[in-house]
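[1] I would like to see how this sequence folds:
(one chain, ligands or ions: 2)
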Amino acid sequence: MYVSHLECPKCRATYASEQITQLCRCGAPLLVRYDLARVKTVMNKEDLLTRPADLWRYRELLPVRQERNRICLGEGMTPLLALKRLGPEVGLPRLFMKDEGIIPTGTFKARGAAVGVSRAKELGIETLAMPTNGNAGAAWAVYCAAAGIKAVIVMPEDAPPIPRGECAIAGAALYLVDGLISDAGKIVARAVAEYGWFDASTLKEPYRIEGKKTMGLEIAEQFGWQLPEVILYPTGGGVGIIGIYKALRELEALGWISGKFPRLVAVQATGCAPIVEAWQQKKSESQFWANAATLAFGITVPKALGDFLVLDAIYKTDGCAVAVEDEDILRAEAMLASREGTFVCPEGAATLSAAIQLAESGWIKPEEKVVLLNTGSGLKYPETVVSRPPLLGPEDHLPPLGV
Ligand SMILES: Cc1ncc(COP(=O)(O)O)c(C=O)c1O
Ligand SMILES: [Zn+2]
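    Ligands and ions are numbered 1, 2, ... in the order given. Reported below is the predicted structural model:
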(Lines give C-alpha, C1' and ligand atoms only; values in the text may rest on other atoms or scores of the structure.)
(Ligands and ions follow the chains in the order given, each with its own letter.)
Protein backbone atom coordinates (compact mmCIF):
# COMPACT_ATOMS: atom_id res chain seq x y z
CA MET A 1 0.00 0.00 0.00
CA TYR A 2 1.22 3.48 -0.85
CA VAL A 3 -0.72 5.63 1.61
CA SER A 4 1.73 7.95 3.34
CA HIS A 5 -0.60 9.76 5.77
CA LEU A 6 -3.90 11.58 6.26
CA GLU A 7 -3.93 15.33 5.78
CA CYS A 8 -6.29 18.15 6.72
CA PRO A 9 -6.99 20.33 3.66
CA LYS A 10 -7.88 23.24 5.97
CA CYS A 11 -5.15 23.48 8.64
CA ARG A 12 -2.65 21.03 7.03
CA ALA A 13 -2.34 18.91 10.19
CA THR A 14 -1.24 15.35 9.41
CA TYR A 15 -2.28 12.03 10.95
CA ALA A 16 -1.02 8.46 10.77
CA SER A 17 -3.23 6.31 8.55
CA GLU A 18 -3.01 3.05 10.50
CA GLN A 19 -5.27 4.20 13.32
CA ILE A 20 -8.99 4.80 13.32
CA THR A 21 -9.44 8.49 12.55
CA GLN A 22 -12.50 10.61 11.86
CA LEU A 23 -12.28 14.40 11.44
CA CYS A 24 -9.28 16.66 11.96
CA ARG A 25 -8.98 18.38 15.35
CA CYS A 26 -10.10 21.58 13.57
CA GLY A 27 -13.34 19.87 12.47
CA ALA A 28 -12.49 19.55 8.76
CA PRO A 29 -12.54 16.27 6.79
CA LEU A 30 -9.24 14.46 6.26
CA LEU A 31 -7.86 13.43 2.87
CA VAL A 32 -5.73 10.37 2.14
CA ARG A 33 -2.26 11.15 0.78
CA TYR A 34 -0.08 8.70 -1.17
CA ASP A 35 3.60 8.40 -1.86
CA LEU A 36 2.99 9.13 -5.54
CA ALA A 37 6.71 9.26 -6.35
CA ARG A 38 6.93 5.62 -5.28
CA VAL A 39 3.72 4.67 -7.14
CA LYS A 40 5.32 6.18 -10.24
CA THR A 41 8.27 3.81 -9.95
CA VAL A 42 6.16 0.65 -9.53
CA MET A 43 3.28 1.23 -11.94
CA ASN A 44 2.62 2.32 -15.52
CA LYS A 45 -0.76 3.12 -16.97
CA GLU A 46 -0.22 0.23 -19.41
CA ASP A 47 -0.31 -2.17 -16.41
CA LEU A 48 -4.03 -1.48 -16.22
CA LEU A 49 -4.68 -3.18 -19.55
CA THR A 50 -4.44 -6.66 -18.03
CA ARG A 51 -6.32 -6.00 -14.80
CA PRO A 52 -9.93 -6.95 -13.98
CA ALA A 53 -12.65 -4.40 -14.77
CA ASP A 54 -13.43 -3.39 -11.19
CA LEU A 55 -12.24 -0.41 -9.18
CA TRP A 56 -9.51 -2.41 -7.45
CA ARG A 57 -7.60 -2.18 -10.72
CA TYR A 58 -6.33 1.12 -9.24
CA ARG A 59 -5.15 -0.58 -6.04
CA GLU A 60 -1.91 1.45 -5.81
CA LEU A 61 -4.08 4.57 -5.52
CA LEU A 62 -6.45 3.04 -2.96
CA PRO A 63 -6.07 2.78 0.82
CA VAL A 64 -6.54 -0.94 1.49
CA ARG A 65 -3.39 -2.80 2.51
CA GLN A 66 -4.32 -6.48 2.43
CA GLU A 67 -6.06 -8.14 -0.49
CA ARG A 68 -8.12 -10.28 1.89
CA ASN A 69 -9.82 -7.14 3.26
CA ARG A 70 -11.07 -6.02 -0.15
CA ILE A 71 -14.81 -6.45 -0.54
CA CYS A 72 -15.59 -6.63 -4.22
CA LEU A 73 -19.12 -7.10 -5.58
CA GLY A 74 -18.04 -6.17 -9.11
CA GLU A 75 -18.18 -2.37 -8.69
CA GLY A 76 -16.45 -0.06 -11.13
CA MET A 77 -15.60 0.31 -14.83
CA THR A 78 -19.08 1.47 -15.72
CA PRO A 79 -19.84 2.32 -19.35
CA LEU A 80 -19.03 5.69 -20.85
CA LEU A 81 -21.80 6.07 -23.39
CA ALA A 82 -21.68 8.42 -26.36
CA LEU A 83 -25.14 10.06 -26.50
CA LYS A 84 -25.33 9.92 -30.26
CA ARG A 85 -29.00 10.82 -30.69
CA LEU A 86 -29.47 13.23 -27.79
CA GLY A 87 -26.15 15.09 -28.07
CA PRO A 88 -26.76 16.63 -31.52
CA GLU A 89 -30.37 17.37 -30.52
CA VAL A 90 -29.27 19.57 -27.61
CA GLY A 91 -26.41 21.21 -29.52
CA LEU A 92 -23.66 19.10 -27.94
CA PRO A 93 -22.51 16.56 -30.55
CA ARG A 94 -19.71 15.30 -28.28
CA LEU A 95 -21.93 14.50 -25.28
CA PHE A 96 -21.15 11.41 -23.16
CA MET A 97 -22.71 9.87 -20.09
CA LYS A 98 -20.87 7.77 -17.54
CA ASP A 99 -23.55 5.38 -16.37
CA GLU A 100 -23.33 4.32 -12.74
CA GLY A 101 -26.80 2.77 -12.93
CA ILE A 102 -25.45 -0.72 -13.52
CA ILE A 103 -23.20 -0.93 -10.47
CA PRO A 104 -24.10 -3.11 -7.40
CA THR A 105 -27.06 -1.52 -5.51
CA GLY A 106 -27.75 0.58 -8.62
CA THR A 107 -25.89 3.73 -7.60
CA PHE A 108 -22.32 5.05 -7.51
CA LYS A 109 -22.56 4.88 -3.71
CA ALA A 110 -21.24 1.33 -4.13
CA ARG A 111 -17.80 2.78 -4.90
CA GLY A 112 -17.54 4.72 -1.65
CA ALA A 113 -18.95 1.75 0.26
CA ALA A 114 -16.57 -0.78 -1.32
CA VAL A 115 -13.49 1.17 -0.31
CA GLY A 116 -14.86 2.65 2.95
CA VAL A 117 -16.10 -0.70 4.27
CA SER A 118 -12.98 -2.59 3.15
CA ARG A 119 -10.80 -0.11 4.99
CA ALA A 120 -13.11 -0.23 8.05
CA LYS A 121 -12.70 -4.01 8.07
CA GLU A 122 -8.93 -3.64 7.82
CA LEU A 123 -8.89 -1.25 10.78
CA GLY A 124 -10.94 -3.69 12.87
CA ILE A 125 -14.19 -1.69 13.05
CA GLU A 126 -17.11 -3.85 14.23
CA THR A 127 -20.06 -1.42 14.13
CA LEU A 128 -20.55 1.69 12.07
CA ALA A 129 -23.39 4.19 11.89
CA MET A 130 -24.40 6.63 9.19
CA PRO A 131 -27.07 9.15 8.16
CA THR A 132 -28.11 8.85 4.52
CA ASN A 133 -30.59 10.02 1.90
CA GLY A 134 -31.05 6.33 1.11
CA ASN A 135 -28.66 5.14 -1.57
CA ALA A 136 -25.47 5.40 0.49
CA GLY A 137 -27.18 3.57 3.36
CA ALA A 138 -28.20 0.75 1.02
CA ALA A 139 -24.68 0.47 -0.40
CA TRP A 140 -22.98 0.53 3.00
CA ALA A 141 -25.51 -1.98 4.38
CA VAL A 142 -24.76 -4.56 1.69
CA TYR A 143 -20.98 -4.09 1.79
CA CYS A 144 -21.06 -4.26 5.61
CA ALA A 145 -22.99 -7.53 5.33
CA ALA A 146 -20.27 -8.91 3.06
CA ALA A 147 -17.59 -7.69 5.48
CA GLY A 148 -19.29 -8.97 8.65
CA ILE A 149 -19.64 -5.42 10.05
CA LYS A 150 -22.80 -4.31 11.84
CA ALA A 151 -24.38 -1.25 10.15
CA VAL A 152 -26.74 1.25 11.79
CA ILE A 153 -28.50 3.39 9.17
CA VAL A 154 -30.69 6.47 9.74
CA MET A 155 -32.57 8.02 6.80
CA PRO A 156 -35.35 10.58 6.30
CA GLU A 157 -38.84 9.11 6.33
CA ASP A 158 -39.43 10.84 2.98
CA ALA A 159 -36.48 9.13 1.27
CA PRO A 160 -37.39 6.88 -1.69
CA PRO A 161 -38.51 3.47 -0.40
CA ILE A 162 -36.30 0.98 -2.27
CA PRO A 163 -33.10 1.58 -0.25
CA ARG A 164 -35.07 0.73 2.91
CA GLY A 165 -35.61 -2.77 1.62
CA GLU A 166 -31.94 -3.10 0.70
CA CYS A 167 -30.87 -2.08 4.22
CA ALA A 168 -33.41 -4.41 5.80
CA ILE A 169 -32.58 -7.51 3.78
CA ALA A 170 -28.84 -6.97 4.33
CA GLY A 171 -29.48 -7.05 8.09
CA ALA A 172 -28.69 -3.42 8.95
CA ALA A 173 -30.35 -1.75 11.94
CA LEU A 174 -32.51 0.77 10.07
CA TYR A 175 -34.23 3.86 11.49
CA LEU A 176 -36.32 6.54 9.79
CA VAL A 177 -36.33 10.14 10.96
CA ASP A 178 -39.07 12.69 10.62
CA GLY A 179 -36.65 15.26 9.15
CA LEU A 180 -33.78 15.74 6.70
CA ILE A 181 -30.35 14.08 6.36
CA SER A 182 -28.96 16.85 8.59
CA ASP A 183 -31.34 15.68 11.37
CA ALA A 184 -30.33 12.06 10.78
CA GLY A 185 -26.71 13.21 11.13
CA LYS A 186 -27.38 14.70 14.57
CA ILE A 187 -29.01 11.46 15.76
CA VAL A 188 -26.02 9.44 14.50
CA ALA A 189 -23.57 11.83 16.20
CA ARG A 190 -25.35 11.32 19.54
CA ALA A 191 -25.31 7.52 19.15
CA VAL A 192 -21.63 7.52 18.18
CA ALA A 193 -20.78 9.55 21.28
CA GLU A 194 -22.83 7.22 23.46
CA TYR A 195 -21.85 3.79 22.08
CA GLY A 196 -18.41 4.37 20.56
CA TRP A 197 -19.51 3.27 17.08
CA PHE A 198 -17.55 4.37 14.04
CA ASP A 199 -19.16 7.40 12.36
CA ALA A 200 -19.36 6.69 8.61
CA SER A 201 -21.17 9.98 7.78
CA THR A 202 -20.14 11.65 4.52
CA LEU A 203 -16.56 12.92 4.90
CA LYS A 204 -16.40 12.14 8.63
CA GLU A 205 -14.20 9.23 7.64
CA PRO A 206 -11.48 9.64 4.98
CA TYR A 207 -11.98 6.56 2.82
CA ARG A 208 -15.35 6.88 1.08
CA ILE A 209 -13.94 9.64 -1.09
CA GLU A 210 -11.16 7.30 -2.25
CA GLY A 211 -13.79 4.95 -3.67
CA LYS A 212 -15.61 7.77 -5.43
CA LYS A 213 -12.31 9.04 -6.78
CA THR A 214 -12.24 6.01 -9.07
CA MET A 215 -14.93 7.65 -11.26
CA GLY A 216 -12.31 10.26 -12.17
CA LEU A 217 -9.63 7.62 -12.75
CA GLU A 218 -12.00 5.70 -15.02
CA ILE A 219 -13.05 8.74 -17.04
CA ALA A 220 -9.37 9.48 -17.73
CA GLU A 221 -8.60 5.86 -18.62
CA GLN A 222 -11.73 5.39 -20.75
CA PHE A 223 -10.88 8.49 -22.81
CA GLY A 224 -7.34 7.17 -23.39
CA TRP A 225 -5.93 9.78 -20.91
CA GLN A 226 -7.26 12.64 -23.09
CA LEU A 227 -9.61 14.49 -20.77
CA PRO A 228 -12.99 15.94 -21.72
CA GLU A 229 -13.54 19.70 -21.44
CA VAL A 230 -16.47 19.55 -19.00
CA ILE A 231 -17.77 17.08 -16.37
CA LEU A 232 -21.19 17.69 -14.79
CA TYR A 233 -21.91 16.09 -11.44
CA PRO A 234 -25.09 16.04 -9.29
CA THR A 235 -23.89 17.47 -6.01
CA GLY A 236 -25.26 16.76 -2.56
CA GLY A 237 -22.50 16.11 -0.03
CA GLY A 238 -20.13 16.65 -2.93
CA VAL A 239 -17.96 13.60 -2.34
CA GLY A 240 -18.04 12.65 -6.01
CA ILE A 241 -16.84 16.02 -7.29
CA ILE A 242 -14.16 16.26 -4.59
CA GLY A 243 -13.09 12.72 -5.46
CA ILE A 244 -12.93 13.35 -9.21
CA TYR A 245 -10.79 16.44 -8.65
CA LYS A 246 -8.50 14.51 -6.29
CA ALA A 247 -8.17 11.75 -8.92
CA LEU A 248 -7.14 14.28 -11.57
CA ARG A 249 -4.54 15.83 -9.25
CA GLU A 250 -3.06 12.41 -8.51
CA LEU A 251 -2.98 11.40 -12.20
CA GLU A 252 -1.26 14.69 -12.99
CA ALA A 253 1.36 14.01 -10.30
CA LEU A 254 1.94 10.58 -11.84
CA GLY A 255 2.42 12.22 -15.23
CA TRP A 256 -0.43 10.20 -16.77
CA ILE A 257 -2.44 13.27 -17.77
CA SER A 258 -1.36 16.79 -18.67
CA GLY A 259 -2.85 20.07 -19.80
CA LYS A 260 -6.01 21.77 -18.68
CA PHE A 261 -8.34 19.94 -16.30
CA PRO A 262 -12.00 19.46 -17.26
CA ARG A 263 -14.18 22.30 -15.94
CA LEU A 264 -16.13 20.72 -13.09
CA VAL A 265 -19.80 21.65 -12.79
CA ALA A 266 -21.74 21.10 -9.56
CA VAL A 267 -25.40 20.52 -10.43
CA GLN A 268 -28.06 21.08 -7.77
CA ALA A 269 -31.85 21.46 -7.71
CA THR A 270 -33.42 24.90 -7.26
CA GLY A 271 -35.10 23.51 -4.12
CA CYS A 272 -31.72 22.89 -2.47
CA ALA A 273 -28.82 24.83 -3.99
CA PRO A 274 -26.40 25.97 -1.27
CA ILE A 275 -23.30 25.35 -3.41
CA VAL A 276 -24.79 27.27 -6.35
CA GLU A 277 -25.59 30.21 -4.09
CA ALA A 278 -22.08 30.21 -2.60
CA TRP A 279 -20.50 30.00 -6.06
CA GLN A 280 -22.63 32.88 -7.35
CA GLN A 281 -21.47 34.98 -4.40
CA LYS A 282 -17.83 33.84 -4.90
CA LYS A 283 -17.76 32.46 -1.36
CA SER A 284 -15.50 29.68 -0.15
CA GLU A 285 -18.18 28.04 2.03
CA SER A 286 -21.95 27.57 1.78
CA GLN A 287 -24.81 28.56 4.08
CA PHE A 288 -27.38 26.10 5.47
CA TRP A 289 -30.27 25.95 2.94
CA ALA A 290 -33.60 26.29 4.76
CA ASN A 291 -36.64 24.18 3.73
CA ALA A 292 -34.65 22.04 1.30
CA ALA A 293 -36.84 19.98 -1.05
CA THR A 294 -36.41 18.37 -4.48
CA LEU A 295 -37.49 15.12 -6.08
CA ALA A 296 -33.79 14.44 -6.74
CA PHE A 297 -33.60 13.23 -3.17
CA GLY A 298 -29.92 12.27 -3.16
CA ILE A 299 -28.89 15.89 -3.64
CA THR A 300 -31.08 17.25 -0.83
CA VAL A 301 -28.14 18.23 1.38
CA PRO A 302 -28.72 21.63 3.02
CA LYS A 303 -25.11 22.06 4.21
CA ALA A 304 -22.24 19.81 3.18
CA LEU A 305 -19.26 19.30 5.48
CA GLY A 306 -16.96 19.35 2.44
CA ASP A 307 -18.57 22.42 0.81
CA PHE A 308 -15.24 24.31 0.82
CA LEU A 309 -13.59 21.44 -1.07
CA VAL A 310 -16.39 21.33 -3.67
CA LEU A 311 -16.10 25.08 -4.21
CA ASP A 312 -12.31 24.87 -4.39
CA ALA A 313 -12.56 22.16 -7.10
CA ILE A 314 -14.96 24.38 -9.08
CA TYR A 315 -12.80 27.52 -8.77
CA LYS A 316 -9.52 25.73 -9.55
CA THR A 317 -10.93 24.18 -12.74
CA ASP A 318 -12.81 27.31 -13.94
CA GLY A 319 -16.01 25.33 -13.47
CA CYS A 320 -19.39 26.57 -12.27
CA ALA A 321 -22.46 25.59 -10.27
CA VAL A 322 -25.95 25.36 -11.76
CA ALA A 323 -29.41 24.86 -10.29
CA VAL A 324 -32.18 23.12 -12.24
CA GLU A 325 -35.95 22.89 -11.72
CA ASP A 326 -37.59 19.59 -10.74
CA GLU A 327 -39.83 19.64 -13.83
CA ASP A 328 -36.78 19.99 -16.08
CA ILE A 329 -35.20 17.03 -14.28
CA LEU A 330 -38.22 14.86 -15.12
CA ARG A 331 -38.14 16.07 -18.72
CA ALA A 332 -34.42 15.21 -18.94
CA GLU A 333 -35.05 11.76 -17.45
CA ALA A 334 -37.63 11.08 -20.18
CA MET A 335 -35.34 12.45 -22.91
CA LEU A 336 -32.51 10.12 -21.88
CA ALA A 337 -34.79 7.10 -21.78
CA SER A 338 -36.63 7.80 -25.04
CA ARG A 339 -33.58 8.87 -27.11
CA GLU A 340 -30.79 6.76 -25.63
CA GLY A 341 -32.50 3.83 -23.89
CA THR A 342 -31.05 4.72 -20.49
CA PHE A 343 -33.36 4.92 -17.48
CA VAL A 344 -31.44 7.20 -15.13
CA CYS A 345 -32.08 8.49 -11.61
CA PRO A 346 -33.35 12.07 -11.21
CA GLU A 347 -29.97 13.20 -9.82
CA GLY A 348 -28.28 11.97 -13.02
CA ALA A 349 -31.01 13.52 -15.19
CA ALA A 350 -30.31 16.87 -13.50
CA THR A 351 -26.90 16.94 -15.20
CA LEU A 352 -28.55 16.82 -18.64
CA SER A 353 -30.80 19.79 -17.75
CA ALA A 354 -27.73 21.67 -16.56
CA ALA A 355 -25.78 20.83 -19.73
CA ILE A 356 -28.68 22.09 -21.87
CA GLN A 357 -28.77 25.32 -19.83
CA LEU A 358 -25.02 25.83 -20.19
CA ALA A 359 -25.06 25.06 -23.92
CA GLU A 360 -27.84 27.62 -24.41
CA SER A 361 -25.93 30.28 -22.47
CA GLY A 362 -22.74 29.57 -24.44
CA TRP A 363 -20.77 28.48 -21.35
CA ILE A 364 -20.32 25.10 -23.05
CA LYS A 365 -19.29 25.34 -26.71
CA PRO A 366 -20.69 22.88 -29.29
CA GLU A 367 -17.23 21.46 -30.09
CA GLU A 368 -16.46 20.61 -26.46
CA LYS A 369 -16.37 17.06 -25.12
CA VAL A 370 -18.83 16.89 -22.22
CA VAL A 371 -19.48 14.13 -19.67
CA LEU A 372 -22.69 13.78 -17.66
CA LEU A 373 -22.32 11.70 -14.57
CA ASN A 374 -25.39 9.58 -14.08
CA THR A 375 -25.05 8.50 -10.47
CA GLY A 376 -27.70 5.80 -10.43
CA SER A 377 -30.43 3.74 -12.01
CA GLY A 378 -33.95 5.01 -12.57
CA LEU A 379 -35.12 1.59 -11.39
CA LYS A 380 -34.53 2.86 -7.84
CA TYR A 381 -37.04 5.67 -8.45
CA PRO A 382 -40.13 4.02 -9.99
CA GLU A 383 -42.26 6.86 -8.59
CA THR A 384 -40.71 9.33 -11.08
CA VAL A 385 -42.49 7.67 -14.00
CA VAL A 386 -46.24 7.64 -14.45
CA SER A 387 -47.46 4.97 -16.85
CA ARG A 388 -51.14 4.18 -17.50
CA PRO A 389 -51.26 1.71 -20.39
CA PRO A 390 -54.69 0.76 -21.79
CA LEU A 391 -56.03 -2.56 -20.43
CA LEU A 392 -57.02 -5.06 -23.12
CA GLY A 393 -59.33 -8.06 -23.01
CA PRO A 394 -57.87 -11.34 -24.37
CA GLU A 395 -59.89 -10.98 -27.62
CA ASP A 396 -59.04 -7.31 -28.27
CA HIS A 397 -57.18 -6.09 -31.35
CA LEU A 398 -54.42 -3.52 -31.11
CA PRO A 399 -55.21 -0.24 -32.85
CA PRO A 400 -52.74 1.03 -35.49
CA LEU A 401 -49.89 3.15 -34.15
CA GLY A 402 -50.45 6.88 -34.36
CA VAL A 403 -48.27 8.73 -36.84
C1 LIG B 1 -28.17 9.02 -6.88
C2 LIG B 1 -27.35 10.05 -6.15
N3 LIG B 1 -26.69 10.98 -6.86
C4 LIG B 1 -25.94 11.93 -6.26
C5 LIG B 1 -25.82 12.00 -4.88
C6 LIG B 1 -24.95 13.06 -4.29
O7 LIG B 1 -23.71 12.53 -3.92
P8 LIG B 1 -22.49 13.33 -3.34
O9 LIG B 1 -22.53 13.15 -1.87
O10 LIG B 1 -21.27 12.73 -3.93
O11 LIG B 1 -22.64 14.76 -3.73
C12 LIG B 1 -26.49 11.05 -4.11
C13 LIG B 1 -26.38 11.06 -2.64
O14 LIG B 1 -27.18 10.51 -1.91
C15 LIG B 1 -27.27 10.05 -4.75
O16 LIG B 1 -27.92 9.09 -4.05
ZN1 LIG C 1 -7.51 20.65 10.34
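
[2] contacting residues around the residue of the chain found nearest ligand 1?
    Nearest residue of the chain to ligand 1, counting by CB to the nearest ligand atom: residue 298, 2.5 Å away. Just so you know, the C-beta spots here come from the backbone N, C-alpha and C atoms, and that holds for glycine as well. Neighbouring residues of residue 298 by CB atoms under 8 Å, 6 or more residues apart in numbering: 107, 133, 134, 135, 234, 236, 345, 347, 375, 376.

[3] Can you tell me the element the nearest residue to it once chain neighbours are set aside falls in?
    Spatial nearest neighbour of residue 298, excluding adjacent residues (CB to CB, 6 or more residues apart in numbering): residue 347 at 4.6 Å. In this assignment (DSSP states H and E), residue 347 forms part of helix 346-361.

[4] which parts of stretch 221-232 are buried?
    By 16 or more other CB atoms under 10 Å, the buried positions in stretch 221-232 come out as 221, 223, 227, 228, 229, 230, 231, 232.

[5] Off-centre distance for that stretch?
    17 Å (CA atoms, centre = their mean, to the nearest Å).

[6] Give me the contacts around it.
    45, 48, 80, 96, 98, 219-220, 244, 248, 251, 256-257, 259-265, 267, 319, 322, 351, 354-355, 358, 364, 368-373.

[7] could you redo the last one with a cut-off of 7 Å?
    Outside of stretch 221-232, the residues within contact range by CB atoms under 7 Å, 6 or more residues apart in numbering are 45, 48, 80, 219-220, 244, 256-257, 261-265, 267, 351, 354-355, 364, 368-373.

[8] Separate out the buried members of these.
    80, 219-220, 244, 256-257, 261-265, 267, 351, 354-355, 364, 368-373.

[9] among the contacts of residue 298, which one has the lowest pLDDT?
    Across these, the smallest pLDDT goes to residue 133, namely 92.

[10] Can you get me a residue count around that residue?
    The burial count assigned to residue 133 is 26, neighbours taken as other CB atoms under 10 Å.

[11] ok, back up a step: just the ones of the contacts of stretch 221-232 in strands?
    The strands, defined by DSSP state E, take in 80, 263, 264, 265, 267, 370, 371, 372, 373 from those.

[12] just those residues now: which is nearest ligand 2?
    residue 264 (23.5 Å; CB to the ion).

[13] quick one: pLDDT of that closest one?
    98.

[14] do the same with residue 403
    Looking at residue 403, its pLDDT reads 63.

[15] can you map out the strands along the stretch 151-300 of the chain?
    173-177, 198-199, 230-234, 263-269 (DSSP state E, counting those that start in this stretch).

[16] how about TSV for those, with distance to residue 159 added?
    Listed next are these as TSV, based on distance: least, CB to CB, whole Å:
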stretch	distance to residue 159
strand 173-177	8
strand 198-199	20
strand 230-234	16
strand 263-269	15
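
[17] Among those strands, which comes closest to residue 123?
    strand 198-199 (8.5 Å; CB to CB).
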